[in-house]
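Student: sequence and predicted structure below; questions after.
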Amino acid sequence: MARRSPRPLLVVLHRWLGLFIAAFLFVAGLTGAVISWDHELDEWLNPRLFEAPLAAGETARSPLVLAAELEQQRPGLQVTYLPLRLEPGHSLGLGVAPRPGADGQALPLAYNQVALHPASGEVLGQRLWGEVSLSRENLLPFLYKLHYSLHVPAFAGSDRWGIWFMGIVALVWLADGFIAVALTLPAGRRKGRLDAPVGAGQAERRSWWARWSASWKVRRGAGAYKFNFDLHRAGGLWVWVLLFLLAFTSFSLNLYREVFQPLMASVSEVTPGPFESRMPRPWDRPAVAHLTREHALQRAAVLARELGWTEGAGSLFYSPAFDLYGVQFFDGSDDHGNGGLGVKTLYLDGGDGRYLGQRVPWQGTAADVFVQLQFPVHSGRILGLPGRILISLMGLMVAVLSATGVYIWWKKRRGRRRRLPAAPV
């Protein structure tokens, strides 16, 4: 009994899986091409939020003092991110979050970023990062959040529904990528016959490779449909490895706590960090640090010296969801550092300042380093400037593959409808 080919099933799977994810990948591709340059474009669009040259006789003040003054002026907020070094001519950009009241409930703020003048402490501007808005101030944050969460609002006690959904899209994309490659392969070689001439097997192998090599080419002057079909098939083949990396890292970043980290822990040793070992608080009932920022920095400096770190503290953040401080150590103003793997970080409890852990790029188990690589690979920062350019081009390619896939489906569907027999009069 002849074995049925799986190709018809693969065609159906590729069609419907591709249609399910096409619109979302089109959006993710275009936004990804832009947000590779988010910081540069944001500064260009919003100079009043980033530029603050000092006048004659003015001196920049301590970021710790400026942050404390802002909290005194606005008791409904707490500073959650604080750069400890100021770039010449730049403002002090702070991250802020609601401060809960006596009942533990936090009233939402209309903003989560504030720009201060480094000398006077004057508020130069503020915005809600990720707000659904196309204004100059909100355009880049809007595109960034759209890229990984589609701006799905919070409900049922969680604000991660959009992140989870895009993680599922990435998993479907990952599976569909293997199906797509299988569909580019020509039908398998037939089994040799007893009466086949000598050398027939080699000729058939050459014929198989010749047929598959056509899948890597784009025909010219063959019409719109064939051009789009070839671009979809050949384009996907040429960049398949990069598409696989983007799909895999999209899944790992969006479903890290729910799927990726447990999966890694089941096959290798993963060192749990404080964000994995602590349960997050409800987003509307955040914590408030009892340990002051000054004491957190002093404690972190002592620990860094004991560890032999030579870099100075460059920034500090506090997580109200996990009640912990993170003190980041790096030289200069490069807070990405180490090929995008981030910088050395010490974690302290927000209540008593006890040591909770550390994160050092390129250190830890093999699984730890693999986990660290996910964002640098996804963003292209692992290769520096060339990597960011490559990721921008890949974002455009993802959008092209999504659009051509939908176009091919539409043309085939219209063709099938035309071939249907006319209904009897």
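Tutor: Perfect, I can see it now.

Student: all the helices of the stretch 251-400 of the chain, residue numbers only.
Tutor: 261-267, 274-277, 293-307, 366-372, 374-379, 384-419 (DSSP state H, counting those that start in this stretch).

Student: that's a strand at residue 82, yeah?
Tutor: Yes: if the criterion is DSSP: H, G, I helix; E, B strand; the rest coil, then residue 82 is within a strand.

Student: list the contacts of it.
Tutor: Applying Cβ atoms under 8 Å, 6 or more residues apart in numbering to residue 82 gives the contacts 63-64, 67, 94-95, 293, 315-317. Placement of C-beta: from N, CA and C, glycine included.

Student: and the two most separated of these?
Tutor: 64 and 95 (14.7 Å; Cβ to Cβ).

Student: just give me how far the helix or strand harbouring residue 114 sits from the chain centre.
Tutor: Secondary structure assigned from DSSP states H and E places residue 114 in strand 113-116. Taking Cα atoms, centre = their mean, to the nearest Å, one finds strand 113-116 lying 24 Å from the centre of the chain it belongs to.

Student: which strands and helices lie in contact with it?
Tutor: Judged by 3 or more Cβ pairs under 8 Å, 6 or more residues apart in numbering; DSSP states H and E, strand 113-116 is in contact with helix 47-50, helix 63-73, strand 92-98, strand 123-127.

Student: in the second one, what counts as buried?
Tutor: Residues of helix 63-73 classed as buried by neighbour count (16 or more other Cβ atoms under 10 Å): 63-64, 66-68, 70.

Student: I'd like the average pLDDT over that helix.
Tutor: The average pLDDT within helix 63-73 is 97.

Student: and it with helix 293-307, angle?
Tutor: Computed by axes from the mean of the first three to the mean of the last three Cα atoms, to 10 degrees, the angle separating helix 63-73 from helix 293-307 equals 150 degrees.

Student: which residues does helix 63-73 contact?
Tutor: 77-79, 82-86, 92, 94, 96, 99, 114, 116, 118, 121, 123, 293-294, 297.

Student: swap in 10 Å and give it another go.
Tutor: 60-62, 77-86, 92, 94, 96, 99, 114, 116-123, 292-294, 297, 315-316 (Cβ atoms under 10 Å, 6 or more residues apart in numbering).

Student: hmm, back to that, parallel or antiparallel, which strands does the strand holding residue 114 pair with?
Tutor: Counting by DSSP bridges, the strands paired with strand 113-116 are strand 92-98 (antiparallel), strand 123-127 (antiparallel).

Student: between those strands, which one is nearest to residue 373?
Tutor: Of all these, strand 92-98 comes closest under Cβ to Cβ, at 25.4 Å.
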